[in-house]
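Peer 1: This is a predicted model, with the sequence first.
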Amino acid sequence: MNLFADIKTLVTDSLHSMQATGALPADLDFSNVTVEPPRDAMHGDMATNAAMVLAKPARKKPREIAQTLAEILVADPHVISADVAGPGFLNLRIDPANWRAVVPAVLQKGADFGRSDMGKSRRVNVEYVSANPTGPLHVGHTRGAVFGDALASLLDFAGYDVTREYVINDGGSQINTLARSAYLRYLEAHGQEVSFPDGVYPGDYLVPVGQALKEKFGDTYVDQPEDAWLEEFRNFATDAMMDLIREDLALLGVKMDVFFSEKSLYGTGKIEACLQTLKDKGLIYEGTLEPPKGKKPDDWEPRVQTLFKSSEFGDDADRPVMKSDGSWTYFAPDIAYHHDKILRGFDELIDILGADHGGYVKRMKAAVNALSDGKVPLDIKLCQLVRLFKNGEPFKMSKRAGTFVTLRDVIDLVGPDVTRFVMLTRKNDAPLDFDFSKVLDQSKDNPVFYVQYAFARVNSVMNKARDGGLDVSDTGLQNADLDGLSDDAELGLLKKLGEWPRMLELAAKHHEPHRIAFYLFDLASEFHSLHNLGKTNPEMRFWQPENPDLSQTKIALIRSVAVVLSAGLGILGVTPMQEMR
């Protein structure tokens with residue numbers, strides 16, 4: 001059940017009838033017609049922009065279209081009133097029976113209420129985290145991991161066939177640095193005193209790696225030249241770091257479907273084949289780039305390089321894929337990796353990246369556009385920085401990783417559920433302040449607590465009613481007489497419940513899982529407000545032992561709230577709390 005979609009269908013059908021009578025021309029496009037909650041709830045239950053978006057192509061005044069449309073809509077039993085506002089918006093009031101019908105729909109569908117086939121099983125690849133395998137995940141990776149995982153769950157809920165993917169960046173020079181860092185810990189494990197020069201990874205997390213290398217190789221490589229041990233230590237240390245990263249992800253409740261090794265692109269002909277595909281399209285050439293904008297570096301000199309014509313696909317300039325010395329640029333394997341995804345048959349690609357990759361967006365979109373002939377869209381979502389606080393002051397933690405605050409440090413302090421929810425309380429492209437004091441505070445100012453408290457409160461009421469002999473099973477509650485839900489606060493909560501399917505589709509369409517966190521907070525707020533009315537007005541209490549029929553009616557409403565809260569938290573990867581501790 002999607003009441004907003006139902007009313008939109010009613011609006012569209014009414015517009016078609018206007019075409020049939022000549023009130024509108026026959027060749028209009030209705031794709032931009034929307035039905036959504038009005039900005040001010042005092043104006044009605046829903047609003048449509050139909051007259052506004054159709055006025056220009058129809059060559060009519062918006063209010064003229066709106067007035068005719070209103071006359072048709074009010075003839076339908078679902079619509080109580082249709083009022084023209086401003087330049088031509090149409091505000092609708094819906095028969096309350098439609099809102100009440102949301103409750104049995106929720107109780108019947110359960111956690112699947114709002115699930116849709118919007119995605120039509122299109123295959124979408126969501127690539128996220130993809131941290132260099134050189135150490136444990138830090139707090140910045142945490143935000144990308146939560147965002148990507150919630151987005152993947154959201155798209156699955158909306159009917160997409162989702163693959164969660166992590167690309168292991170094991171083909172670059174940073175892996176040699178990891179191997180050299182592990183070698184120092186290996187020497188240390190043999191009792192040698194070592195120093196950590198600039199450019200290596202000094203974190204304590206490599207101490208057990210050094211011990212494990214000693215156990216495996218003994219003193220075979222002690223004081224041996226680098227070429228004797230580098231490859232062996234590269235592979236060993238990379239595997240160890242990926243085990244560590246998998247453990248970090250598991251702590252956060254993240255499980256990947258695919259771990260793709262960048263190294264698998266090298267020496268296999270995949271990079272060459274990808275670039276040949278672009279060359280066959282006339283998109284690869286030998287050329288010289290313009291000097292950097294602004295002050296030209298003293299050591300800059302024009303060099304002939306192999307370039308990709310990314311400027312033909314919206315990029316600011318063409319991009320090098322091979323350096324003048326014949327080695328690949330970092331962009332070349334990235335192109336080949338995305339080509340591999342296209343060849344695997346994905347219909348859509350989504351990359352979740354850190355904010356420092358902003359300059360990467362246009363060139364990568366250009367490459368995917370070129371390789372797929374515009375058939376496979378790529379959406380790149382950038383996650384801004386996370387700033388850590390405690391009691392409003394910048395918070396520095398013990399940095400066992402050597403240079404950064406780890407995901408494990410955060411989980412140890414507040415747990416995975418709090419971490420995940422808080423990471424989604426801001427849109428991904430806005431900086432996020434994570435205050436360890438506030439996220440554990442039991443108040444309305446803490447959205448995690450506020451939502452969890454709503455779910456726990458519903459359970460508390462249901463336990464009392466169950467102990468009092470009332471049937472509060474979902475099957476039993478479906479038979480409740482909902483006509484008793486007539487107070488404005490009850491209707492407000494019903495309307496918020498009715499928004500859930502629409503909100504899910506919007507969040508999935510725009511790849512914005514933070515909308516779910518916002519919605520859950522609003523739903524919890526509506527519930528708490530209704531609950532608090534019962535403190536001063538006994539007739540508003542959910543459990544009224546002397547009136548079991550009315551109690552069942554009210555509990556059917558709040559049980560529906562709990563079902564949606566649980567479903568929403570599930571998409572975010574958060575476990576609902578049955579009772580507050």
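Peer 2: Thanks, I have it. Numbers count the residues shown, from 1 in each chain.

Peer 1: could you pull out the helices for the stretch 451-581 of the chain?
Peer 2: 474-477, 488-498, 500-510, 514-536, 548-572 (DSSP state H, counting those that start in this stretch).

Peer 1: Which among those helices is found nearest to Asn459?
Peer 2: Proximity to Asn459, assessed across the helices of the stretch 451-581 of the chain by C-beta to C-beta, is greatest for helix 548-572 (7.0 Å). Using the backbone N, CA and C atoms, a C-beta is placed for each residue, glycine as well.

Peer 1: Could you dump the helices of the stretch 451-581 of the chain into TSV with distance to Thr177 and mean pLDDT added?
Peer 2: Listed next are those as TSV, based on distance: least, C-beta to C-beta, whole Å; pLDDT from 0 to 100:
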stretch	distance to Thr177	mean pLDDT
helix 474-477	56	94
helix 488-498	52	96
helix 500-510	39	97
helix 514-536	35	96
helix 548-572	36	97
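
Peer 1: Tell me which of the ones you listed lies nearest to Val458.
Peer 2: Among those, the nearest to Val458 by C-beta to C-beta is helix 548-572 (4.1 Å).

Peer 1: For the closest one, name the packing helices and strands.
Peer 2: With contacts defined as 3 or more C-beta pairs under 8 Å, 6 or more residues apart in numbering; DSSP states H and E, the packing partners of helix 548-572 are helix 102-109, helix 139-157, helix 416-423, helix 447-467, helix 474-477, helix 488-498, helix 514-536.

Peer 1: Leu244 - nearest residue in space that isn't next to it in sequence?
Peer 2: Among residues not flanking Leu244 along the chain, Pro136 sits closest, at 5.5 Å (C-beta to C-beta, 6 or more residues apart in numbering).

Peer 1: need the contact list for the one you found.
Peer 2: Gly203, Tyr205, Leu244, Ile245, Asp248, Ala401, Thr406, Leu407, Arg408 (C-beta atoms under 8 Å, 6 or more residues apart in numbering).

Peer 1: Recalculate using a threshold of 7 Å.
Peer 2: Listed by C-beta atoms under 7 Å, 6 or more residues apart in numbering, the contact set of Pro136 reads Tyr205, Leu244, Asp248, Ala401, Thr406, Leu407, Arg408.

Peer 1: next one: Phe436
Peer 2: Contacts of Phe436 by C-beta under 7 Å, 6+ apart are Lys390, Phe395, Leu413, Val414.

Peer 1: burial of the last one, as a residue count?
Peer 2: Spelled out, that is Val414. 15 (other C-beta atoms under 10 Å).

Peer 1: Find the residue ranges of the stretch 301-450 of the chain scoring beneath the pLDDT cut-off.
Peer 2: 397-403 (pLDDT under 70).

Peer 1: give me phi/psi at Val167?
Peer 2: Note on Val167: backbone dihedrals following degrees, to the nearest 10 are phi -100, psi 120.

Peer 1: who does it bridge with?
Peer 2: Using DSSP bridges, the bridge partners assigned to Val167 are Phe260.

Peer 1: That one and Asp340 touch, don't they?
Peer 2: No: Val167 is beyond contact range of Asp340, at 9.9 Å (criterion: C-beta atoms under 7 Å).

Peer 1: So the two - more neighbours on which side?
Peer 2: Val167 (24 against 16).

Peer 1: OK, contacts around that one?
Peer 2: Contacts of Val167 by C-beta under 7 Å, 6+ apart are Glu127, Ser130, Phe260, Glu262, Tyr337.

Peer 1: shouldn't the second one be in contact with Arg164?
Peer 2: No: in this structure, Ser130 is not within contact of Arg164 by C-beta under 7 Å, at 11.3 Å.

Peer 1: out of the two, which sits in the more crowded spot?
Peer 2: Remark: of Ser130 and Arg164, Ser130 carries more neighbours, 23 against 20, as counted by other C-beta under 10 Å.

Peer 1: which SS class is the more buried one?
Peer 2: coil (DSSP: H, G, I helix; E, B strand; the rest coil).

Peer 1: Tell me the pLDDT of it.
Peer 2: Per-residue confidence at Ser130 stands at 94 (pLDDT).

Peer 1: again, but for Lys295
Peer 2: 61.

Peer 1: OK, contacts around Asn98?
Peer 2: So Asn98 contacts Leu3, His78 (C-beta under 7 Å, 6+ apart).

Peer 1: same check, this time on Asp76
Peer 2: Neighbours of Asp76 in contact, by C-beta under 7 Å, 6+ apart: Leu10.

Peer 1: how does it look with 6 Å?
Peer 2: Residues near Asp76 by C-beta atoms under 6 Å, 6 or more residues apart in numbering: none.

Peer 1: related to what we said a few turns ago, check the helices of the stretch 451-581 of the chain for me and report the most buried one.
Peer 2: Using mean count of other C-beta atoms under 10 Å, the stretch among these with the largest mean neighbour count is helix 548-572, at a mean of 22.

Peer 1: No further queries at this time; thank you.
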